[in-house]
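> Here is a sequence with its predicted model. Questions after.
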Amino acid sequence: MYILALDQGTTSSRAILFNEKGEYVYGLNKEYKQIYPRPGWVEHDPYDILNSQIEVAKKVVETVGAENIAAIGITNQRETTILWDKNTGKPVYNAIVWQCRRTASICDDLKEKGYEKLIKEKTGLVVDAYFSGTKIKWILDNVEGVREKAERGDILFGTVDSWLIWNLTGGKVHVIDYSNASRTMLFNLKTLDWDDEILEILNIPRAILPKPMPSSYVYGYTEIFGGKIPIAGDAGDQQASLFGQTCFEKGMVKNTYETGCFILMNTGDTPYYSNSGLLTTIAWGVDDKVEYALEGSIFVAGAAVQWLRDNLKLIDNASETEDLAKSVPDSGDLYFVPAMVGLGAPYWDMYARGLLIGITRGTTKAHIVRAVLESIAYQTRDVLEVMSKEAEINMGTLRVDGGASNNNFLMQFQADILGVPVERPEVTETTALGAAYLAGLAVGLWKSKEEIAWNLNKRFEPQLSKDEREKLYSRWKEAVKRSMRWSEE
Ligand SMILES: Nc1ncnc2c1ncn2[C@@H]1O[C@H](COP(=O)(O)OP(=O)(O)O)[C@@H](O)[C@H]1O
Ligand SMILES: O=P(O)(O)OC[C@H](O)CO
């Protein structure tokens with residue numbers, strides 16, 4: 001039997017089959033349209049999300065037959081917000097993507113009113129436009145007629161997992177798992193329920209919200225692939241990858257290098273609160289138990305490589321960056337700060353903007369490409385420094401995954417700049433793998449977490465001296481300072 005993982009990411013939808021040993025069997029990927037209506041705004045068409053996901057899933061299922069699929073696990077770009085009409089199933093507005101900054105002023109307002117502490121204590125999150133709460137409010141307040149309909153109980157909200165499950169089950173099931181719920185800024189980490197006080201502050205009717213559920217559970221069935229297949233796993237993509245990396249022990253850390261970079265540390269069965277801009281989040285709910293994680297979210301990582309490709313046209317594809325970066329001995333003191341949509345952890349500056357500094361007559365394309373890759377590793381160090389300090393854990397190794405973790409230059413530079421070994425597993429699609437594991441556990445394909453495997457592909461040992469490392473890193477910190485608050489009016 002196989003498990004089908006649906007990995008609905010920010011830039012593409014993926015469907016991947018895993019076998020009973022957790023090995024990658026076959027997968028397909030479809031990119032879909034990014035919509036940028038104004039500077040700093042990012043949207044997706046919810047039907048692009050759904051149709052691209054179904055298209056790849058159907059093709060993948062055809063290769064083995066629906067009858068051979070034991071379960072489907074869903075994992076998704078988190079925070080992205082969709083509201084739809086309960087009766088027609090039609091979205092009332094485009095999906096507002098996690099990267100979208102349009103609600104920065106709503107967040108400023110919440111901060112001015114002094115709600116930061118309350119929101120952090122209840123949800124584990126900092127007040128930022130990143131999370132779903134203010135995006136929901138924006139749609140209710142700005143799209144004509146939606147608030148009235150919502151008050152009448154005719155509107156449903158979902159993150160992308162909810163939207164997919166609702167559609168895959170023919171409009172029968174309206175759920176969200178705890179890990180996704182913990183990204184809405186509306187979910188109380190202790191009661192494991194929506195928080196009425198925050199709902200009131202943001203003026204969001206409870207009736208639109210999905211039912212919070214564990215991450216490994218049979219939520220319902222889909223018949224759109226020819227047979228009746230249980231949907232049995234649901235987790236936000238970063239939590240799913242923590243699961244796929246088998247970071248089951250307290251203190252284990254992974255970094256996923258995708259559009260953004262997401263660094264999560266398992267903190268066990270109690271939420272751990274940060275004083276330095278890290279997020280407290282639910283890792284998963286499995287076996288009647290909820291576990292927590294500390295997270296550092298970096299908004300732009302692989303997306304900066306995409307920007308080199310699509311906007312600057314400096315490269316034709318992302319993998320070219322590896323050889324280009326290696327073609328120069330260093331960046332020539334060129335630094336790139338990818339604050340295109342502000343800066344996430346640990347800075348949380350919604351008004352920071354991208355910066356390239358240190359350009360000379362000698363600067364070449366290779367230097368720019370190298371500076372872009374290096375910026376991904378520097379941002380990761382920013383987060384890990386704070387994380388290790390706060391959790392009082394000396395990280396032994398960093399487990400890595402995601403599209404850009406295939407870049408050997410980047411992984412070596414990461415080990416160099418951290419001074420810690422970096423380990424890449426055989427399967428770098430660990431997000432999908434985690435969703436597959438969660439689904440497989442719910443239907444009994446695997447009996448317990450102990451049956452789940454993790455295999456090493458390559459270990460990168462740090463090669464820079466401490467002096468060299470610190471010199472490079474201190475220049476980065478200087479560059480970051482100069483990018484901050486740039487777009488504040
Ligand atoms: N070999 C590579 N080197 C550098 N960046 C890469 C490489 N492969 C992919 N990327 C970048 O990583 C991102 C793709 O990662 P992926 O895991 O597909 O992300 P997502 O789920 O966010 O769509 C893209 O932004 C791409 O530019
Ligand atoms: O689409 P990804 O994989 O870049 O992940 C997006 C994150 O879930 C945003 O929090």
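Received, thanks. Numbering: from 1, shown residues only. Ligands and ions are numbered 1, 2, ... in the order given.

> Quick one: name the residues of the stretch 251-400 of the chain near ligand 2.
Taking Cβ under 6 Å from any ligand atom as the measure of proximity, the stretch 251-400 of the chain contacts ligand 2 at 258-260, 297. Backbone N, C-alpha and C define where each C-beta goes, glycine included.

> and Ser297, bridged to which residues?
When assigned by DSSP bridges, Ser297 has beta-bridge partners Phe262.

> go on, Leu343?
Using DSSP bridges, the bridge partners assigned to Leu343 are Asp349.

> Tell me how far it lies from Pro214.
Separation of Leu343 from Pro214 (Cβ to Cβ, to the nearest Å): 33 Å.

> So between these two, which is more surrounded?
The neighbour comparison of Leu343 against Pro214 (other Cβ atoms under 10 Å) goes to Leu343, with 27 against 23.

> close enough to count as contact, that one and Lys481?
No: using Cβ atoms under 8 Å, Leu343 is not in contact with Lys481; the gap is 11.0 Å.

> Can you check what pLDDT the model gives Ala391?
We have a pLDDT of 74 for Ala391.

> I figured it hits Gly268, correct?
No: counting by Cβ under 8 Å, Ala391 sits too far from Gly268 to count as a contact (10.4 Å).

> How about the contacts made by Tyr47?
With contact taken as Cβ atoms under 8 Å, 6 or more residues apart in numbering, Tyr47 is in contact with Pro91.

> so how far is ligand 2 from it?
Here the distance between Tyr47 and ligand 2 works out to 18 Å (Cβ to the nearest ligand atom, to the nearest Å).

> Then Arg101?
Taking Cβ to the nearest ligand atom, one finds Arg101 at 14 Å from ligand 2.

> Who's the closest spatial neighbour of that residue, skipping the chain neighbours?
Nearest non-adjacent residue to Arg101, counting by Cβ to Cβ, 6 or more residues apart in numbering: Gly40, 3.9 Å away.

> Can you report how many residues lie near that neighbour?
Around Gly40 sit 19 other residues, with neighbours defined as other Cβ under 10 Å.

> Tell me the residue of the stretch 101-250 of the chain that sits nearest ligand 1?
Residue nearest to ligand 1 within the stretch 101-250 of the chain (Cβ to the nearest ligand atom): Asp237, separated by 7.0 Å.

> What does the residue in the stretch 201-350 of the chain positioned nearest to ligand 1 show for phi and psi?
Per Cβ to the nearest ligand atom, Gly302 is where the stretch 201-350 of the chain lies closest to ligand 1, at 2.5 Å. When quoted as degrees, to the nearest 10, the phi and psi of Gly302 stand at phi -60, psi -30.

> check contacts around it.
Gly302 makes contact with 257-260, 318, 376, 402-404, according to Cβ under 8 Å, 6+ apart.

> can you redo these as CSV with distance to Ile119 and neighbour count?
Converted to CSV, the contacts of Gly302 look like this (distance: Cβ to Cβ, whole Å; neighbours: other Cβ atoms under 10 Å):
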residue, distance to Ile119, neighbour count
Tyr257, 29, 26
Glu258, 27, 23
Thr259, 25, 27
Gly260, 22, 26
Ala318, 36, 16
Ile376, 29, 26
Gly402, 29, 25
Gly403, 32, 21
Ala404, 32, 26
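
> so of these, which ones are in helices?
Ile376 (DSSP state H).

> about what we covered before: next, format the residues of the stretch 251-400 of the chain next to ligand 2 as JSON lines and append pLDDT and distance to Asn203.
Formatted as JSON lines, those follow (pLDDT from 0 to 100; distance: Cβ to Cβ, whole Å):
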{"residue": "Glu258", "pLDDT": "89", "distance to Asn203": "33"}
{"residue": "Thr259", "pLDDT": "86", "distance to Asn203": "31"}
{"residue": "Gly260", "pLDDT": "90", "distance to Asn203": "29"}
{"residue": "Ser297", "pLDDT": "85", "distance to Asn203": "26"}
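
> from those residues, which is closest to Asn455?
Closest approach between these and Asn455, by Cβ to Cβ: Glu258, at 20.9 Å.

> mind checking how far the helix or strand in which Leu384 is found is from the chain centre?
Per DSSP states H and E: Leu384 is located in helix 365-391. Helix 365-391 has its C-alpha centroid displaced from the chain centroid by 17 Å (Cα atoms, centre = their mean, to the nearest Å).

> Buried ones in that helix, by neighbour count?
366-384, 386-388, 390-391 (16 or more other Cβ atoms under 10 Å).

> Report how many residues lie close to the residue lying closest to Ala352 once chain neighbours are set aside.
Once flanking residues are discounted, Ala352 sits nearest to Ala339: 3.9 Å by Cβ to Cβ, 6+ apart. Per other Cβ under 10 Å, the neighbour tally for Ala339 reads 26.

> Also Arg361?
So Arg361, with other Cβ under 10 Å, has 4 neighbours.

> ok but it is inside a helix, no?
No: Arg361 is assigned coil when assessed by DSSP: H, G, I helix; E, B strand; the rest coil, not a helix.

> Now tabulate the contacts of Gly302 in CSV and tack on distance to Ile224.
As requested, those are arranged in CSV below (distance: Cβ to Cβ, whole Å):
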residue, distance to Ile224
Tyr257, 32
Glu258, 27
Thr259, 27
Gly260, 31
Ala318, 32
Ile376, 37
Gly402, 28
Gly403, 28
Ala404, 32
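
> Which pair of the contacts of Gly302 spans the longest distance?
Across the contacts of Gly302 (Cβ to Cβ), the longest gap, 14.7 Å, separates Gly260 and Ala318.

> if I read this right, Ile198 contacts Lys120, doesn't it?
No: assessed by Cβ under 8 Å, Ile198 is found out of contact with Lys120, at 11.2 Å.

> Tell me which of those two has more neighbours.
Comparing Ile198 with Lys120 by other Cβ under 10 Å, the one with more neighbours is Ile198, at 21 against 18.

> so which helix or strand takes in that one?
Using DSSP H and E, Ile198 falls in helix 196-202.

> List, one by one, the residues from the stretch 301-450 of the chain near ligand 1.
302-303, 305-306, 318-319, 321-322, 402-404, 406-407.

> repeat that for 5 Å
Taking Cβ under 5 Å from any ligand atom, the part of the stretch 301-450 of the chain that reaches ligand 1 is made up of 302, 305-306, 318-319, 321, 402-404, 406-407.

> tell me which strands and helices the helix holding Leu384 is in contact with?
Contacts defined by 3 or more Cβ pairs under 8 Å, 6 or more residues apart in numbering; DSSP states H and E place helix 365-391 against strand 253-257, strand 261-268, strand 289-298, helix 302-310, helix 320-326, strand 335-337, helix 408-418, helix 466-483.

> Buried residues in stretch 162-174, which are they?
For stretch 162-174, burial by neighbour count (16+ other Cβ under 10 Å) applies to 162-169, 173-174.

> now, which of the residues you listed lie within strands?
Applying DSSP state E to the buried residues of stretch 162-174, no entry is found in strands.

> just checking, which of these belong to helices?
Using DSSP H, the subset of the buried residues of stretch 162-174 located in helices is 162-168.

> mind giving me CSV with the residues you listed and columns for distance to ligand 1 and pLDDT?
Below are those laid out as CSV (distance: Cβ to the nearest ligand atom, whole Å; pLDDT from 0 to 100):
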residue, distance to ligand 1, pLDDT
Ser162, 19, 98
Trp163, 17, 98
Leu164, 15, 98
Ile165, 19, 98
Trp166, 22, 97
Asn167, 20, 97
Leu168, 20, 97
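
> okay if I get the residues you listed as CSV plus distance to Met185?
CSV is the format used below for these (distance: Cβ to Cβ, whole Å):
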residue, distance to Met185
Ser162, 16
Trp163, 18
Leu164, 21
Ile165, 21
Trp166, 21
Asn167, 25
Leu168, 26
